[in-house]
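need a structure here:
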Amino acid sequence: MDQDSRKIDELLELTRDNNKILHGMRRVQRWNSFFTFVYWAVILGSIFGTYYYLQPRIEKYINLFQTSAGTLQKLQKGVSSIPTDAQAIKNLIGK
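Numbering: from 1, shown residues only. I've put the predicted structure just below:
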């Protein structure tokens, strides 16, 4: 009987130690989840904050590029009409 009582006490002590270890593991898991959330919130927040800060400048350069592209197209159309105008002038002079 004394030996059974000792085994039960030892089992109870091991169970309490096991429970303490499991509670510690769960606490660490909660903190890990919290810090992972904070980590991603900081990363995503900095990305969106940077975009919000740089958006007006990006739009300004996009508009500048579109305006430049339109101007270059108009210039190219004007340059492509020069040979036909020169040919017309040559025809007038030659006649």
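
Secondary structure element holding the residue positioned nearest the centre of the chain?
For the chain, the residue nearest the mean C-alpha position is residue 47 (5.6 Å; CA atoms, centre = their mean). Using DSSP states H and E, residue 47 maps to helix 2-80.

what about that helix, distance to the chain center?
Relative to its chain's centre, helix 2-80 lies at 10 Å (CA atoms, centre = their mean, to the nearest Å).

Return the list of helices and strands in contact with it.
Of the remaining helices and strands, none touches helix 2-80 by 3 or more CB pairs under 8 Å, 6 or more residues apart in numbering; DSSP states H and E. In short, each C-beta sits where N, CA and C put it, glycine included.

for the record, mean pLDDT for it?
The average of the pLDDT scores along helix 2-80 is 92.

so how far is residue 41 from the residue nearest to the centre of the chain?
Distance, residue 47 to residue 41, using CB to CB, to the nearest Å: 11 Å.

With residue 11 instead?
45 Å.

Against residue 89, how distant is residue 57?
Applying CB to CB, the value for residue 57 to residue 89 is 47 Å.
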